[in-house]
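# what follows is a protein structure lacking sequence information:
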């Protein structure tokens, strides 16, 4: 959500709210990498675990054929770096209202894609620099800004 919120405000020359004074990181993932990950998992359908024991279940296994994967870039980026890249590609700086952390928020998040890499042989790899450049180009074209 923050890419769209920030892009809208930057394109309009409006300030953005930056929580935790910008001192946190997020795992920004370019949409094409998400789509590629979903498509690749379709080629690797889950199978039931024949060793599953209903009397002593392991939460990581099941007798039902399913598998849950994290799809993310596995490369956390400081929020202020992300904003800096948006500013570069929009060609303008943005006012930042530095605010305390929001209730319920966490300082850092990122996706552990080791299971996806192991089972499917894929991990998203679009760098934050390339992803932001592509996002801003799409945004400008789509919204004519």
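Looks like it arrived, so ask away. Fair warning: this is a prediction, and the values are worked out from it, not measured in the lab. Residues are numbered from 1 along each chain as shown.
# let me know the outermost residue of this structure.
Relative to the centre of the chain, and counting by C-alpha atoms, centre = their mean, the farthest-placed residue is residue 55 at 37.0 Å.
# where's it, which helix or strand?
Applying DSSP states H and E as the criterion places residue 55 outside every helix and strand.
# how far away is it from residue 64?
As defined by C-beta to C-beta, to the nearest Å, residue 55 lies at a distance of 16 Å from residue 64. Placement of C-beta: from N, CA and C, glycine included.
# quick revisit: ok, the residue farthest from the centre of the chain - contacts?
Contact analysis of residue 55 by C-beta atoms under 8 Å, 6 or more residues apart in numbering lists nothing.
# tell me the confidence at it?
Taken from the predicted model, the pLDDT recorded for residue 55 is 90.
# what of residue 69?
Residue 69 is given a pLDDT of 90.
# verify the stated contact: it with residue 117.
No - Residue 69 is not in contact with residue 117 according to C-beta atoms under 8 Å; the separation is 9.6 Å.
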